[in-house]
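> Sharing a model prediction with you, sequence too.
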Amino acid sequence: MGDRCMSRGDGELEGRQFSRACDSYLAATDHYWLALSRANRHVPERRVLADAHVSAFRAALPLLSHPAAPFDLNIDQDRVTGYVFCPSPGADLFRPVIWAVGRGTTAESSYRQVALTILGSDLACAVYSVEVSRRHQTAADHPLSAPALECAVVQWVQEQPGVDPDVEPLLAPNNS
């Protein structure tokens, strides 16, 4: 289903039906996520599903009704990926909400429930997840505490244009 939605989105994009293409890419994101969440940890297709899940969401990014940009940070050999969303074009980030998604989910799969809810309050947000390296079996085994990872994301967000570096971002409760 994810592949079908991607193909449909590509056709709609080619036909300049941007809103419909965005909806198709977001549907593909959801379908890939469903397949990924049911896949066994050791299934070889898991990486393919994960890549397709991210690619589908990133295809939707430029078509969203609000500005969005991906980010990718490496912290102590672990990968922190996420997205910064603004409520409207031209709006400053000023004081974004920073949300770490829980274990077993991704920043992409959290878009509808987390990012859209925050954007609906007319606030900017940064939604991120941590992919631990082989060296660390789980995020709990990470030598940096969750607050340290959060601090690294906060620091990165505060360095972005439109963010007031003197105002602390709003940190959402840790969902992991």
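Done, it's in. Residues are numbered from 1 along each chain as shown.
> Surely residue 27 touches residue 6?
No - judged on CB atoms under 8 Å, residue 27 makes no contact with residue 6 at a distance of 9.2 Å. (C-beta placed from N, C-alpha, C; glycine too.)
> Got the domain ranges for the chain?
With domains defined by automatic domain parsing, the chain comprises 1-63, 66-176.
> tell me, what residue is most central in this protein?
For the chain, residue 107 is the residue whose C-alpha lies nearest the centre (CA atoms, centre = their mean; 3.0 Å).
> quick one: contacts for that one?
81, 82, 83, 101, 127, 128, 129 (CB atoms under 8 Å, 6 or more residues apart in numbering).
> Identify, among the helices and strands of the protein, the element with the weakest mean pLDDT.
strand 170-171 (a mean of 66; mean pLDDT, DSSP states H and E).
> Residue 20: how many residues sit nearby?
Using other CB atoms under 10 Å, residue 20 is surrounded by 16 other residues.
> can you confirm it is in a helix?
Yes - counting by DSSP: H, G, I helix; E, B strand; the rest coil, one finds residue 20 located in a helix.
> Thought residue 12 was touching it, still the case?
Yes - counting by CB under 8 Å, residue 12 is a contact partner of residue 20 at 4.4 Å.
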